[in-house]
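Participant: pasting the structure only:
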């Protein structure tokens, strides 16, 4: 009886273990490939829920359905115009065919390694076929000649940074699709000069900015001279016009005064002569003034005592 109970207990344990290995769950973010003796069997399971497999013999291999990140290592790459630059990139990818992915790559570690080969190689090929200006600009833009005469700044671009990123993405997608992978996005995260030429580039940039600043200062000085010259011209015109008007008013006043004096002289010439002589006395003779006059002088006429 005890022996029967022991066998029953062992059987129950075995059944429970088999049942636990028979059922497995797949959630919304997962997809599963069932393998038997290391080889895939059946179709991939992409729907969430409770599923079955043979216990002990078959194994469930889980793969992520979500978007996954690939972050490349900065690489030193020469451009078509022989500029050595550091290029840092990133991409987003996902597993679209888990069975093909398992057969070709097995797991995410090998997938990341293979993506590095594909994307780094594609980046290097694209960068080496284009000028640096194509990598740092995405479109052509109008730049005034007064701002910069730099040949590089005014060089029109044919592709641009975004177009080159799309070229890398297209080429890499074609190579990744047979691996069960879809590359969703690819971007240049950072582009910079290598240390050896960075100082030279910065010096050239500073020189260019200083040249532009000097051009601004020269144009400003020329404009200031033009404004000052115009101001001086306008000032002379205004002064000349005012002087002409003042002289006209003064001449008219003198003429009017002369007419008044003449009219007054004509009415009372003796009194006018006496009045004008007194005025000349007041202006010519100050206190303690000594003058010498002849007896026939008109100036002495009203000073000498009457007979």
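Facilitator: Happy to help now that I have it. In this text, all values refer to a predicted model and were calculated from it rather than measured experimentally.
Participant: sketch out the low-pLDDT regions of the stretch 51-200 of the chain for me.
Facilitator: 140-155, 197 (pLDDT under 70).
Participant: need the helices for it, in chain order.
Facilitator: Assigned by DSSP state H, counting those that start in this stretch, the stretch 51-200 of the chain shows helices spanning 98-104, 108-128, 132-136, 161-176, 195-267.
Participant: residues contacting residue 183?
Facilitator: By CB atoms under 8 Å, 6 or more residues apart in numbering, the contact set of residue 183 is 91, 92, 93, 115, 119, 169, 172, 173, 176. To be clear about C-beta, it is placed using only N, CA and C from the backbone, and glycine gets the same treatment.
Participant: would you mind giving these as TSV with neighbour count and distance to residue 37 added?
Facilitator: Shown next, in TSV, are the contacts of residue 183 (neighbours: other CB atoms under 10 Å; distance: CB to CB, whole Å):
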residue	neighbour count	distance to residue 37
91	25	35
92	14	35
93	22	30
115	23	29
119	24	34
169	19	38
172	22	34
173	17	34
176	21	29
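Participant: which member of those is positioned nearest residue 233?
Facilitator: residue 169 (64.9 Å; CB to CB).
Participant: for that closest one, which non-adjacent residue is closest in space?
Facilitator: residue 186 (4.1 Å; CB to CB, 6 or more residues apart in numbering).
Participant: burial check on that neighbour, number of neighbours?
Facilitator: Number of residues near residue 186 (other CB atoms under 10 Å) recorded here: 25.
Participant: I'd guessed it sits against residue 165; true?
Facilitator: Yes: between residue 186 and residue 165 a contact is recorded at 5.6 Å, counting by CB atoms under 8 Å.
Participant: domains in the protein, as residue ranges please.
Facilitator: The chain breaks down by automatic domain parsing into domains covering 19-64, 68-193, 201-250, 269-283+290-307.
Participant: need the winner for burial among the ones you listed.
Facilitator: domain 68-193 (a mean of 16; mean count of other CB atoms under 10 Å).
Participant: and the end-to-end length of that one?
Facilitator: One end of domain 68-193 to the other measures 29 Å (CA to CA, to the nearest Å).
Participant: hang on, the earlier thing: make CSV out of the helices of the stretch 51-200 of the chain and add distance to residue 33.
Facilitator: Output for the helices of the stretch 51-200 of the chain, formatted as CSV (distance: least, CB to CB, whole Å):
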stretch, distance to residue 33
helix 98-104, 5
helix 108-128, 13
helix 132-136, 40
helix 161-176, 18
helix 195-267, 47
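Participant: which one of the ones you listed lies nearest to residue 85?
Facilitator: Using CB to CB, these put helix 132-136 closest to residue 85, at 6.8 Å.
Participant: what sits against the residue nearest to residue 169?
Facilitator: 89, 90, 91, 119, 165, 166, 168, 169, 172.
Participant: quick check, the second one in contact with residue 68.
Facilitator: No: Residue 90 is not in contact with residue 68 according to CB under 8 Å; the separation is 11.5 Å.
Participant: ok, residue 233 to residue 39 distance?
Facilitator: As for residue 233, its distance to residue 39 is 98 Å (criterion: CB to CB, to the nearest Å).
Participant: make that residue 198, sorry
Facilitator: Counting by CB to CB, the gap from residue 198 to residue 39 is 54 Å.
Participant: and residue 125, by the same measure?
Facilitator: Taking CB to CB as the measure, residue 125 falls 36 Å from residue 39.
Participant: equivalent analysis for residue 201, please.
Facilitator: Taken as CB to CB, the span from residue 201 to residue 39 is 56 Å.
Participant: do residue 226 as well
Facilitator: Taking CB to CB, one finds residue 226 at 88 Å from residue 39.
Participant: so which helix or strand takes in the spatially closest residue to residue 45 that is not a sequence neighbour?
Facilitator: Closest residue to residue 45 apart from its sequence neighbours, by CB to CB, 6+ apart: residue 32 at 4.3 Å. Per DSSP states H and E: residue 32 is located in strand 30-36.
Participant: before we move on, the earlier item: distance of the residue nearest to residue 169 from residue 52?
Facilitator: Counting by CB to CB, the gap from residue 186 to residue 52 is 40 Å.
Participant: for residue 71, same thing?
Facilitator: From residue 71 to residue 52 the distance is 38 Å (CB to CB).
Participant: common neighbours of residue 186 and residue 165, please.
Facilitator: Here residue 186 and residue 165 have no joint contacts, going by CB under 8 Å, 6+ apart.
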